[in-house]
Each structure stands twice: as C-alpha cells, then as structure tokens.
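Trainee: got a sequence here, can you build the structure:
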Amino acid sequence: MNAVWTCPFCPLLCDDRFADAIGCAVAEAGLRQVVLPAAAAGAPRIDGQPATFEAALTVAIDRLACSRQPLIGGWGTDVAGARALCALAEATGAVIDAGAGEPLSQSLRAQQDRGGFTTTLAEVRERADLIVFVGRWPLPRVPRLLERVLAGRSGSMPQIVHLGDPGDMDGAPSPMPGLAVSAVPLAGDLHDTLVRLHLLVAGRSPAAAEALAHPLLADLAERLKAARYAVLVWETSTLGDHPGHAALCIERLMQFLQRLNQTTRAAALPIGGGDGAMTAQHVHAWRTGLPLRSRHGPSGLEHDPLRFGASRLLADGAVDLLLWVSSFSSAAPVPACAGLPRLVLGLPALADVLGDERDTVFLPVATPGVHTDGHLFRTDGSVLMPLHPVPGVTSALPTVAWVAGALRAGV
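Mentor: Numbering: from 1, shown residues only. Next up is the predicted model:
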C-alpha cells in the first residue's frame, strides 16, 4: 500500500494520503470491514444457506422476474453500478430510493423551493474567513473536514464557530493543533435559533430584544455581517429533531444566505450523499431528468418524494420485492422485510448483519475504490472523483454493475 489513494468511505472522498497511513477513523474502519482475508469473504447465500454464485444468481433472477412491483434501494455503488441499476429499474418497472434517501430528498426539496448558494471544498479553503458549523458537530462522521478546508491556505486561518449544542463537542479531539472553535448555543430548537439569527442579521424590529436575550447569537450575527466570505456547513441527516424538519431548516438557511449576499458574500457547504447516494442522484438525473424516489412504471416515469420513499413503501406493503445494494458499508442495516423477498448485493461483511434470512438471496460484490476502479461524486456535487483499488488488495468478487447487468439480462 504505497500509492496515494482515494477513500470511498465518507462524502469527502479524500485523495491525498496512502491507504496504509490515512489517519482517519472512518477510513480505517471501512478498510477493516472490506479488506478481509480470503477465507473470511462472505459466500453467496440462499435463504440463509451457503450456495454457489451461479445458483444464487439464478434464484435472484427468478424472484425478480416474478415481482410485479420491486423496490431498488440502498444504491451503495459507483457511477457504473448506478447506471446498471437504472437500466435494471427501467426493465423491471421498479421504484428507486437510496439508503440515504430521506436527507437527500429533504435537500432537494428545499433547493427546488428556495434555490441555493453552495460552494466547494476548494473555494472554502481559498476564500472563507468565517466558517459556521450548524447543528451537530460533524467531525465524528467526516473526521478530516476541517483539515481539507484549512490545510495549505495561503492566508490567515478563518474563524470557526459551532452553532449547536456545546455538549456535542465534549471529549472530541482538537480538529487541528492550535485551532480554536467558539461555541454558540442554540436559542430554543435549531429552527427557532436560525429565525432569531436571521432577525439579528436583517436588523428587523425584534432584533434588539433578541440581542439582549442571546448575546452570543447577536455577536455571531455581527461576525457574519462583517465577514468577507462566510460559509455555513451542515449535515442534512442531522438537522432538526427528525428528518422531516431538515427541509424547514435548510429553507431558513438559504433565506439567511440570500440576506447575507445582499451586502457581502456567503455560501453553504452541505455535507452528505455518502455511500453512493449523491452519485445515484446524479446518474439517475442524467439518464431520466428526474431524481431518485421515482417509479419506472407502465405509464412512464413518475417522481414523488413522499410516496416513493423506501421506508414508507416497505411499511405500507406497497412493493413485493426489495433489491438492496450496499457495497461500501455494513453499518446501515438492510431493511427487515418479513415475508417480502430480498435480494441483497453487498460487501461480504454485510452477510453477518442480514438478520432473518428467510426469502433472502445474498450476493457478495466488490467495493469500488478498494477492489476495483470506479467513480463517485464528492459531497460538494461538482467534482467526480476517480477511484482505484487499494494497492495489493485483490478480489474475485463481481461488481454491482456486472450483477445488475446479469439480473437485467435474465428477467
């Protein structure tokens, strides 16, 4: 392992370190579960029993062919895998939704309603003089985020602020030596806090009372107005008290950015779309003009971000088969579907967390960026990163693209 490597295990897709010295807890955990000894590689299974790959594929084809309304979920794969899954969805009339479909849908709905001001990792590094992390502290999930936007800066370091629960950072290691992070506690829930901050920045009539009641928030408002380039960073999956609140918070954040851009420059850097979700969204939009949470039905392509959410469809019994794809992580469980056939395409470690395997066909697949080449979209959406195998790691497992192509050819 002596070549620079692009890590596929979080939305940042870091490409500046060696695979055996990445220094990131998320990357190291991902490699531990993907780079397995040959004897530990998960075998294909049919209803919990070991099987040959050919036998498992044949049963998977038969079950998919019998389905009248399949759901293709997860989408933990790269561009080639997503393209093949799109073709399979078109051939089978499937509904499609990513494993991170809810936060992805919330972000898209807010952007459709309000538009947005977004930026890239590179622009944050070059221009930002104030970075505000909104909501939960994100570094446990994207450990190298601050390093990616601060290392190699040509000017002075920006101010770093966490607008959220101060206890969220308790026990967290310093993100970078000598870097100070100031904390501004919430004034109510997150949405209420953003409303108050908006009032303070806009100078509307209740602002004076808000400044007296919440001096730290008032100070942050002044710093935002004085900044040359402020950046608001958030993880959609952690905004609000439950996923349905995320769109409200994002809409408020976008309104807030719109206000700031009347007098200075400000932008957003949403963090999300990992495990192939961002890539699936882009690939499906290229091919069809519509995002995920769509149905390739007999009357054509339909999009409904509420009706076609995977969890809702499964809870309502609105589909009769689940095809779940997860080639990067076994941390997110495959949905349990009592009495519903499941076809699972996943990294070998996923075999240990399938739960009740009645009516389940498991097909192990290779992980892009570890076993095979591939491409993924980074969290800032405008950068397509090439993936290459970890040096010295080999696998005879097929890719998601190959398996999806075989399923399509057989149904």
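Trainee: show me what contacts residue 379?
Mentor: 11, 12, 13, 121, 269, 270, 271, 272, 273, 274, 278 (Cβ atoms under 8 Å, 6 or more residues apart in numbering). C-beta coordinates here come from the backbone N, C-alpha and C atoms, glycine included.
Trainee: narrow the residues you listed to those in strands?
Mentor: Here DSSP state E is the test, and these give 269, 270, 271 as lying in strands.
Trainee: dump the residues you listed into a markdown table; add distance to residue 157 and pLDDT as well.
Mentor: Output for the ones in strands among the contacts of residue 379, formatted as a markdown table (distance: Cβ to Cβ, whole Å; pLDDT from 0 to 100):
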| residue | distance to residue 157 | pLDDT |
| --- | --- | --- |
| 269 | 17 | 95 |
| 270 | 23 | 94 |
| 271 | 20 | 94 |
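Trainee: measure residue 358 to residue 341 for me?
Mentor: Residue 358 sits 10 Å away from residue 341, taking Cβ to Cβ, to the nearest Å as the criterion.
Trainee: more neighbours: which of those two?
Mentor: Neighbours around residue 358 and residue 341, counted as other Cβ atoms under 10 Å, are more numerous at residue 341. The numbers are 22 against 12.
Trainee: output the lowest-mean-pLDDT helix or strand in the chain as CSV, nothing but the C-alphas.
Mentor: The helix or strand of the chain with the poorest confidence is helix 207-213; it has a mean of 74 (mean pLDDT, DSSP states H and E). Output in CSV follows, covering the C-alpha atoms of helix 207-213 (Å, rounded to 0.1, in the frame of the first residue of the first chain):
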residue,chain,number,x,y,z
ALA,A,207,-33.7,42.2,16.8
ALA,A,208,-32.8,44.4,19.8
ALA,A,209,-34.7,42.1,22.2
GLU,A,210,-33.0,39.1,20.7
ALA,A,211,-29.6,40.7,21.1
LEU,A,212,-30.3,41.2,24.8
ALA,A,213,-31.7,37.7,25.3
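Trainee: distance between that helix and the chain's centre?
Mentor: 37 Å (Cα atoms, centre = their mean, to the nearest Å).
Trainee: next one: stretch 291-308
Mentor: For stretch 291-308 - counting by Cα atoms, centre = their mean - the centre lies 21 Å from the chain centre.
Trainee: contacts for that stretch, please.
Mentor: So stretch 291-308 is contacted by 75, 89-90, 92-98, 101, 104-105, 108-109, 280-281, 284-285, 288, 290, 309, 312 (Cβ under 8 Å, 6+ apart).
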